[in-house]
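Participant: sequence first, predicted model second:
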Amino acid sequence: MPEILLKTARLQILPFEEVDFPLLLDLHSDPEVNRYHSPGPVPMARREVRERLNNYVQMHRQSGISKWKLETLDGEFVGRAGFSWQQDPAGYELGYCLKRSAWGRGYATEIAIELVQWFFEETDQDHLLAYAVSENSASLRVMEKAGLRYWMDMDKHDCPCRFYRVDRSEFEQLCDQSQV
């Protein structure tokens, strides 16, 4: 059984394994789940899902940083969350994608907050990015609640996106303020 990397009050993060293909395929077979993700509001092709899964597994093995399997504490698969390296703009990106049945429960905010903390405690990176399609207001709110601040607008995958960012110094300042 894979090691639990992170636990919250209701959720846990584990590395993906090759046997998780049906879970990831089910997640990305829902056009509504894909609405604000590549390839858009259509089911993702099996080949692309397989490539993503292989990449998640490989990145975790190589660096310990990846997009990971997101489950409830009782083992129900609810989506994926974690990090991936972006070239433009350069930096690690916080990302999450939840099954429609998990929407509206606060899971995205809960895991995003914990992942931001994990990122700055477990890496030496000086900043963390996140972005969403500009009209995806729910995801933009999650980023703000997780401590990221609006940074810039930029097209990504031919879509207008809003980028958010938090620097290590800002994160440390937020931690200091919450301990007062």
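Facilitator: The structure has been received and is ready for your questions.
Participant: when you work out contacts or count neighbours from here on, use the C-alpha atoms and nothing else.
Facilitator: OK.
Participant: tell me what the lowest-mean-pLDDT helix or strand in the chain is packed against?
Facilitator: In the chain, the helix or strand scored least confidently by mean pLDDT, DSSP states H and E is helix 168-178, which has a mean of 86. Judged by 3 or more C-alpha pairs under 8 Å, 6 or more residues apart in numbering; DSSP states H and E, helix 168-178 is in contact with no other helix or strand.
Participant: got a list of contacts for that helix?
Facilitator: In this structure, residues lying in contact with helix 168-178 by C-alpha atoms under 8 Å, 6 or more residues apart in numbering are F120, Q125, D126, H127, G147.
Participant: CA-only coordinates of it, as PDB, when you get a sec.
Facilitator: Output of helix 168-178 as PDB, limited to C-alpha atoms (Å, rounded to 0.1, in the frame of the first residue of the first chain):
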ATOM      1  CA  ARG A 168       8.100  31.900   0.900                       C
ATOM      2  CA  SER A 169       8.500  35.200   2.900                       C
ATOM      3  CA  GLU A 170       4.700  35.900   2.500                       C
ATOM      4  CA  PHE A 171       3.900  32.300   3.700                       C
ATOM      5  CA  GLU A 172       6.200  32.700   6.700                       C
ATOM      6  CA  GLN A 173       4.600  36.000   7.600                       C
ATOM      7  CA  LEU A 174       1.100  34.500   7.400                       C
ATOM      8  CA  CYS A 175       2.300  31.600   9.700                       C
ATOM      9  CA  ASP A 176       3.700  34.100  12.200                       C
ATOM     10  CA  GLN A 177       0.500  36.100  12.200                       C
ATOM     11  CA  SER A 178      -1.600  33.000  12.800                       C
END
